[in-house]
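A.B. asks: Need a 3D model of the sequence below.
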Amino acid sequence: MFIKKEAGFSLLETMVSVTIIGVATLTIFMFLGSMARQTTNVKYQTFATQKAIQIMEELRSLVGRTDRIGILDNYDNGVNFSPFLTTEDTQSLGYDPSSPLSGNVRMGANWRFLRQISIIGESADPYMRKVRVSIYLADESNPSAGKTFLAKSVSIIKTSVAGCNPIQVMDVYFLCIENIPGWWTSTADLRPMADELVTDLQTRNPGLELRTHWITRLAYGRDPCYTPWINESVRADQLTDIPYVYYYPGLVKKRTSGGVDYSEFYYVPGYIGGKINIDGTVTNASSYSVADQYNNAVRYPDEERLYAQSGGEISLRMLLEKMNSSPSELRNVLIVNLHGELLPIPPMRNYSDPAKDPVSSPNARIVAHPEKLLFGLADQIPLRVYSYVMNPDGVAHDSVIANATIHFPNIRLQSSDITVEKCEGNSLTAYAWTSPCVEGVQYSLVSTGSASDGTTITLFNSPLRHPENGAPPKGLPSAKRLYGLEYIPSPMHPAVTPVTFQKDLTDAGDNAKNTARWRIIINAGVLAAGRYEADVRIGSQTSSDYPNISRTYFWVNLTPPYTEQFQFMGDPRHNPYIDVKLWGSAPNQENRYNWFFAGVPAGDYQGYTKTTSVDPSNQPGWCGGYSASKLNIDVPRFFQIYRRGLLFTNGVLTPISGWSFYYLGIGGEIGGDASNDMPKGLEVREKPWSKTDSLLVKGVNEITNYWGPYNGGNPPSYDIQNARVIARTNDSWYGRYWIGELCPDDQWANWEANGNLATGAGNFYRALPTVFGFPFNPTKMTAMAGCASFVNGSMSGSTNNPFMHTSGDYQGVITADGNILATTYNYSPVTPIDANRRFTLNYNGNRPPEWNDSEYNDSVQGQRVRTTLEKAYYNYPSDPAYYSSAGMKLTFSSLAGYMVVQGVKQQAGFGAVQISRQALQGVLHQFLVAGEPSVTTGRIVQVPLISVSSPKSGEEVKSSTNQETIQWSISWRRWDGEKYTSAYADGFAEAEPVVYNIKYSPNNGLSWNFVQDGTPALPGIRDAAHEFASGTTGYMWDVNALPAGTYLLRVEGYRQNYPLHYTYQLVRLYIW
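C.D. replies: Numbers count the residues shown, from 1 in each chain. Prediction:
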């Protein structure tokens, strides 16, 4: 028998093993080095893109200030490079390329980045230059030369004196929200793409100017400490830690359908204007708090107050409010949603969060809510005050807040103007109301100075606990707490109607009850019409700010802001208002609470039938097509404010492309699917979703729970999916964000310092809501029925067939109107085009849950609109009911709004820029089409074209002549002098009066003045005090006192009743 001798490795085996290990190790290091270089390159490319855009805007501004196109020629670098990443004078920068405006960085003794500017003159137009700005990484072996190209910006720049042509200006509102995913294309590309699109469109169409309004902020967030953490330097799947649970993905991994990985920013840190923690450094520390799915939007009066302090462009919340409450300010608004099939919505709710003092009174809360939002002049005005604790089982039954103040700014109340009532009782003392309370015993009232000083009511000994007492029990049985708290501000009553606060803590029964401890009643007739505020605080102070303040509002004989009239978000049992639970009077009544947060069965809580009866299966949540994918926000109401705003403003909206309104974003969403080059979802370290310190890489999609890579379930899933709540890793606490609870009080010192909560074992994680008893785990996917819900209309206005996209391998063919669109805006059309999301106005199916409800169909409230096709640009000859690019009209009574819809996908020769161009041109063309003389309902009044006949551009004027004649006329034509469309007659004229402002600039556009009196003016801003009436065609301008020099004269024409869109012409003259 042969026995093999035991032996170690042979020399040959050892050498082979070492070689294999060496190759493997080298491969790993090469891979890690490649990934590091890729991440670095993405950072460099992002920086370079920002600098290229900055330099281009500096050059554009330079020409705008000087009106000299030739000045650009001085900036041509030829074949050379410059380390100055700005065009500002190098002397003013201290000859230092690292100065803040330039921002270059050292590479040894030299500079890392170089710029090259190319200026090309166009012989056909001496007033135009083609400008190319390129940014390179410097060559380490030849530091004065560029080696690696990083980014470029190319544009056509023209002087305003270029022929001094008449101009039509169209105001366009671009939705490009800082903390909403781009979804259909890269978030980082949204604004550069739109900028390129606008420049190209204006270049192709001389005389057309787009005045862009960038809507980048959802709203102002409620918690000023809130500071999400975002990664910038290292990719999300390569991070060594994600230290905070409120997390925004920055740099992430993507993978093409061909399997090629690349890096891209999901959220761009530099685009976020609110307070944000970038890789451990808090940026914009003194700026606003971002509003998102956790840090909900402030009340609308606070939105206006914060906006007044900061200025700039309005938020999406303000835009939607103005479209509904003051639509005349935004008549004919043009809106482009750059987020495509994902619609941004402000995360708003109409009730206030409690005051708290985590240091002096941990876990104590107090808040006041008026019993209604809107009161009449003859109504009593009761406010109900709720005091409670976040840990009721850890607090004695008779604990109180010794003093709490309610301050009414700008109201001077006397003792005779109010009645104060208190509900007293605990587990040992029977509950009963004391009415009226005795001033000086149970409360005090101080009203000093003028009315502007206000009135302060101090409440003594506000109970913090509301335990049951007796049998049947008064007080609140522990089993009836709402989300574990003794806080139920909802109107509680024994039957569906009337809606009252009848069932309170004095009610004997084993049921839920309203938990108010005080009523402060302002007598009828005391307050005049207006909006009023009540500020609640723990303690005796009346001037503390967050967190020890709770501001609430009510309106007397004045309609509340439209976005304040609905709950939108949160549990309906936290809605504290009678007139939100049931608004209006029969037969036009509406349930304006949130129908979709949770099912509220009849019994303890009467009057919440819509939370279960709307869904066909009587289940909670809004479901747009997939039973496992539901939303817990009031989807139809959010859509309503968009749709109603379009109707009231007679405006035009485009979602650009895709399956319209398939997703919603309320801020801070995390996720993606294969269509965004994220087949596994967003790949990221799982620590924020883990109860441990796990740094495994997982695929995350909190937006949807469909189309994941794993087929073990039905539907295919992602590693981590569905929207989340923030919770302790031991599940002893979770964030009730809909009542303002983002962190526990024992974390206050950390929260005040960092605005966030730590991840990892023993800290916090992003938990599924069902862990804490919620009925379902929500998503942000409205799916197939989202588009039908948004439009809420049919072709007849009463049938059951909604507007709908369908999915498939379709091709759209250009129509005659499509060719007209291409010709009008001077571009070459592409046909056929792949269109996998074609649409129809008459689809039999995919109706949203609320479709047949009386508040949305046309039988009672009448929200159902009538849809009609406008111009179809691409259709399907084999199926004429379907289109891939078209305008559509939404009509309700005498109102009409418009949409431009596309079901086109990105493809060779027709990518994101081309799709966006088609959409923007469709919006502009819809404006013209909607003004055709045959239109009766919702006709859009067109913008005139002004022409200045005197003085001529380049004319020299003697100041000694004292006066210069200014003469102008208008025509009702589009920017190129052609008819708006072929449907307009040659002699067409609007009946709309046109008024005028005339302004001049002595410094090439740096500043402007009115010709009448020389007072300061702003270009493109109408001033009624300096207006020339309709019909005026001339003015004698006194130039005698003006010093010699070159002047710009600007004559502007405005439609009298329409603030948006106008016409102007510039004239350049020399006074000597």
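A.B. asks: for the protein, which spans come out with low pLDDT?
C.D. replies: 1-40, 66-67, 122-127, 159-163, 451, 711-714, 797-798, 859-862 (pLDDT under 70).
A.B. asks: report the longest strand in it, please.
C.D. replies: Criterion DSSP state E: the longest strand present in the chain is strand 142-158.
A.B. asks: That strand packs against which elements?
C.D. replies: Here strand 142-158 touches helix 11-66, strand 110-111, strand 113-122, strand 125-139, helix 190-204, going by 3 or more Cβ pairs under 8 Å, 6 or more residues apart in numbering; DSSP states H and E. Placement of C-beta: from N, CA and C, glycine included.
A.B. asks: Please compute how far the next helix or strand after it lies from its chain's middle.
C.D. replies: Counting by DSSP states H and E, the next helix or strand C-terminal to strand 142-158 is strand 167-175. Its chain's C-alpha centre and that of strand 167-175 lie 19 Å apart, by Cα atoms, centre = their mean, to the nearest Å.
A.B. asks: Mind listing residues that contact strand 167-175?
C.D. replies: 191, 194, 198, 207-215, 316, 319, 333-339, 344, 920, 923-924, 927, 943, 945, 974-975, 1020, 1060-1066 (Cβ atoms under 8 Å, 6 or more residues apart in numbering).
A.B. asks: change it to 7 Å
C.D. replies: Defining contact as Cβ atoms under 7 Å, 6 or more residues apart in numbering, one finds that strand 167-175 is touched by 194, 207-215, 316, 319, 333-339, 344, 924, 943, 945, 974-975, 1020, 1060-1065.
A.B. asks: List the residues that contact the nearest residue to residue 277 once chain neighbours are set aside.
C.D. replies: For residue 277, ignoring the flanking residues on the chain, the nearest one in space by Cβ to Cβ, 6 or more residues apart in numbering is residue 229 at 4.5 Å. By Cβ under 7 Å, 6+ apart, the contact set of residue 229 is 243-244, 246-247, 277, 756.
A.B. asks: my guess is residue 506 meets residue 432, correct?
C.D. replies: Yes. Residue 506 lies in contact with residue 432 (Cβ atoms under 7 Å); the separation is 6.0 Å.
A.B. asks: quick one, strands of the stretch 151-300 of the chain?
C.D. replies: 167-175, 208-215, 229-230, 247-248, 251-255, 261-265, 276-278, 281-283 (DSSP state E, counting those that start in this stretch).
A.B. asks: Report all helices and strands that the second one contacts.
C.D. replies: If I follow you right, that is strand 208-215. strand 167-175, helix 190-204 (3 or more Cβ pairs under 7 Å, 6 or more residues apart in numbering; DSSP states H and E).
A.B. asks: if you set the cut-off to 6 Å instead, what comes out?
C.D. replies: Counting by 3 or more Cβ pairs under 6 Å, 6 or more residues apart in numbering; DSSP states H and E, the packing neighbours recorded for strand 208-215 are strand 167-175.
A.B. asks: neighbouring strands for the strand it packs on, and are they parallel or not?
C.D. replies: Strand pairing for strand 167-175, using DSSP bridges, gives strand 208-215 (parallel), strand 334-337 (parallel), strand 1062-1071 (antiparallel).
A.B. asks: got the contact list for the first one?
C.D. replies: Strand 208-215 is touched from outside by 167, 169-176, 198, 202, 313, 316, 319, 975, with contacts defined as Cβ atoms under 6 Å, 6 or more residues apart in numbering.
A.B. asks: what's the closest of the strands paired with strand 167-175 to residue 877?
C.D. replies: Within those, the stretch nearest residue 877 is strand 334-337; the backing value is 29.0 Å (Cβ to Cβ).
A.B. asks: The next helix or strand after the closest one pairs with which strands, parallel or anti?
C.D. replies: With elements assigned by DSSP H and E, the helix or strand that comes after strand 334-337 is strand 342-344. Partners of strand 342-344 in the sheet, by DSSP bridges, are strand 663-665 (parallel).
A.B. asks: The strand it pairs with: what's the following helix or strand?
C.D. replies: strand 682-685.
A.B. asks: Show residues contacting that next one.
C.D. replies: 236-237, 239, 242, 249, 252-253, 670-672, 695, 697, 699-700.
A.B. asks: What's the first helix or strand after that strand?
C.D. replies: With DSSP H and E, the next secondary element past strand 682-685 is strand 697-701.
A.B. asks: Give me the contact list for the helix or strand following that following strand.
C.D. replies: Using DSSP H and E, the next helix or strand after strand 697-701 towards the C-terminus is strand 720-721. Outside strand 720-721, the residues that touch it by Cβ under 6 Å, 6+ apart are 689, 698, 700-701, 705.
A.B. asks: Show me what the following helix or strand past strand 720-721 is packed against.
C.D. replies: Following strand 720-721 in sequence order, the next helix or strand is strand 725-728 (DSSP H and E). Applying 3+ Cβ pairs under 6 Å, 6+ apart, we find strand 725-728 packed against strand 764-767.
A.B. asks: How about the strand it packs on, which residues are buried there?
C.D. replies: Across strand 764-767, burial judged by 16 or more other Cβ atoms under 10 Å covers 764-767.
A.B. asks: Quick one: list the elements packing against the following helix or strand past it.
C.D. replies: Downstream of strand 764-767, the next assigned helix or strand under DSSP H and E is helix 786-791. Contact analysis of helix 786-791 by 3+ Cβ pairs under 6 Å, 6+ apart lists helix 635-649 as its packing neighbours.
A.B. asks: If you count neighbours, what's buried in the helix it packs on?
C.D. replies: In terms of neighbour count (16+ other Cβ under 10 Å), helix 635-649 has its buried residues at 635-649.
A.B. asks: Same check on stretch 384-403?
C.D. replies: Residues 384-390, 392, 395, 397, 399-401, 403 are the ones in stretch 384-403 that count as buried (16+ other Cβ under 10 Å).
A.B. asks: now do stretch 416-424
C.D. replies: Applying 16+ other Cβ under 10 Å to stretch 416-424 flags 417-424 as buried.
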